[in-house]
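A.B. asks: just coords:
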């Protein structure tokens, strides 16, 4: 069985991908095939959610099952997922919350040769800025960095303020007659 899907990114800009995928493809494999379409790299957690026509979120199909026999993206096929509904939500990278509306537009019983075919694309996801600022230029030699740059790079820039506050606390105890 071939399943035709429309994937709409939840962004200000119009970003849509229409694809054809074999129904026997697992949701985990579908994720791996679809992420490059939106210039997203692998390595983050994601989940599918069943949805209503109005895009109300239903039950979750997590990436990996926590218990035996529980549905997961590893063991749920595209065909199985869209058997009871034509709508699903996909959330990728729970920190950045990339949300996609996934709609089954049609199915065909006859399977083609390709596992995954992009039918059409509209728009691009906007580039996201990194949530953590880089204190030094990428690739800069650490021997050429100032102490402040090295401390910022390794998250050590707050240690001096913590050390000073601990020393002040110790001084307070020495003035305490019960200490």
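C.D. replies: Received it, and whenever you're ready, just let me know what you need. As the structure is a computational prediction, the values presented were derived from the model and not from experiment. Numbering: from 1, shown residues only.

A.B. asks: Quickly list the domain ranges of this protein.
C.D. replies: 2-122, 142-173 (automatic domain parsing).

A.B. asks: winner for burial among those domains?
C.D. replies: domain 2-122 (a mean of 15; mean count of other Cβ atoms under 10 Å). To be clear about C-beta, it is placed using only N, CA and C from the backbone, and glycine gets the same treatment.

A.B. asks: pLDDT of that domain, averaged?
C.D. replies: In this model, domain 2-122 has a mean pLDDT of 91.

A.B. asks: who's in contact with residue 38?
C.D. replies: 9, 15, 17, 98, 100, 125 (Cβ atoms under 8 Å, 6 or more residues apart in numbering).

A.B. asks: Pairing partners for the first one in the sheet, please.
C.D. replies: In this structure, residue 9 bridges to residue 100 when assessed by DSSP bridges.

A.B. asks: thinking it is in contact with residue 100, fair?
C.D. replies: Yes - with contact defined as Cβ atoms under 8 Å, residue 9 reaches residue 100; the gap is 5.6 Å.

A.B. asks: Can you tell me the closest non-neighbouring residue to residue 90?
C.D. replies: The spatial neighbour of residue 90 that comes closest, neighbours along the chain excluded (Cβ to Cβ, 6 or more residues apart in numbering), is residue 100 at 4.4 Å.
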